[in-house]
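# Sequence plus the predicted model coming up.
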Amino acid sequence: MAFSMERGSAGLVVLFLGLLAALDFGVATDHIVGKNRGWQVPAAAGPTVNLNYTDWAGNETFYLGDTITFHYQENQHSVFQVNYSTYVNCTINMYVGHDWIYNWSNKGGRVVILLNETKVYYFVCGFGGHCQQGMKVAVSVSKLPAPQTSKHSSSGHKSDSGDASSLIVASAALMGSLIYTIVWILLAFQTDCNSI
């Protein structure tokens, strides 16, 4: 069976693209509401569990382009995006009126929402009394801070921007090495195939 150069090159290109896809150069984060406890009435998490969505959100940093994921029991909970007043007062009625912005609940027990605006998003459960029992969360989304060009602040102390710059340089170096290696393999492979 003869080896096809076009087929071999195509395979290596696919391998290269797969390697690139495996590298995570993105900065987006998926924030899972309630972590391993999910989206539920806090008291239902158990007497020894302190499930507090306000505390959870306060320990997260939400940036433009991140996602927020709700895992919940379908037909027992819901995810409604609401305004500030509805969030604070828990005046949600999921069957009558439109005191909500969007009903994300029709997604089958798992909802992934792209945080595509810099603002505060408010989410509540629309089932009777769940919001009043703490099943609500507010997330404040901001722009990703731009890397600073100076490694020293005005006070003369080293800033944290050096860590971000080092990461960018290291990522670029890794990417360059990867591309060089793949090109070298392609050329070596082509030379081996031409000698057959």
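Structure received.
# packing partners for the longest strand anywhere in the chain?
Counting by DSSP state E, the longest strand found in the chain is strand 136-142. Packing contacts for strand 136-142, counted by 3 or more Cβ pairs under 8 Å, 6 or more residues apart in numbering; DSSP states H and E, involve helix 53-58, strand 62-63, strand 120-124. Where C-beta positions appear, they are placed from N, C-alpha and C, glycine not excepted.
# Tell me the helix or strand right after the second one.
Scanning the chain past strand 62-63 towards its C-terminal end, the next helix or strand to appear is strand 67-71 (assignment: DSSP states H and E).
# what pairs with the longest strand of the chain, and is each one parallel or antiparallel?
Strand pairing for strand 136-142, using DSSP bridges, gives strand 62-63 (parallel), strand 120-124 (antiparallel).
# Please identify the most buried of the helices and strands packed on strand 136-142.
strand 120-124 (a mean of 21; mean count of other Cβ atoms under 10 Å).
# For that one, give the mean pLDDT please.
Mean per-residue pLDDT for strand 120-124: 97.
# Tell me which of the strands paired with strand 136-142 sits nearest to residue 143.
Nearest to residue 143, of all these, is strand 62-63, at 7.0 Å by Cβ to Cβ.
# Give me the distance between the two termini of stretch 41-52.
Using Cα to Cα, to the nearest Å, one end of stretch 41-52 lies 10 Å from the other.
# which regions of the chain lie under the pLDDT threshold?
Low-confidence segments of the chain (pLDDT under 70): 1-26, 97, 107, 149-181, 183-184, 186-196.
# can you rerun that using 80?
1-27, 94-99, 106-108, 147-196 (pLDDT under 80).
# All the helices of it, residue numbers only.
5-22, 53-58, 84-89, 161-194 (DSSP state H).
# Let's see the longest strand of the chain as PDB, backbone CA atoms only.
Only the C-alpha atoms of strand 136-142 are listed here, as PDB (Å, rounded to 0.1, in the frame of the first residue of the first chain):
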ATOM      1  CA  LYS A 136     -31.100  34.200  44.400                       C
ATOM      2  CA  VAL A 137     -27.800  35.400  43.300                       C
ATOM      3  CA  ALA A 138     -26.400  38.700  41.900                       C
ATOM      4  CA  VAL A 139     -23.200  38.800  39.900                       C
ATOM      5  CA  SER A 140     -21.400  41.900  38.900                       C
ATOM      6  CA  VAL A 141     -19.600  41.600  35.600                       C
ATOM      7  CA  SER A 142     -16.700  43.900  34.700                       C
END
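# how much does it deviate in direction from strand 67-71?
Interaxial angle, strand 136-142 versus strand 67-71 (axes from the mean of the first three to the mean of the last three Cα atoms, to 10 degrees): 170 degrees.
# before we move on, back to that, for residue 42, which of the strands paired with strand 136-142 is the nearest?
strand 120-124 (13.0 Å).
# residues in contact with the closest one?
33, 68, 70, 79-84, 86-87, 90, 92, 104, 113, 115, 130-131, 135-141 (Cβ atoms under 8 Å, 6 or more residues apart in numbering).
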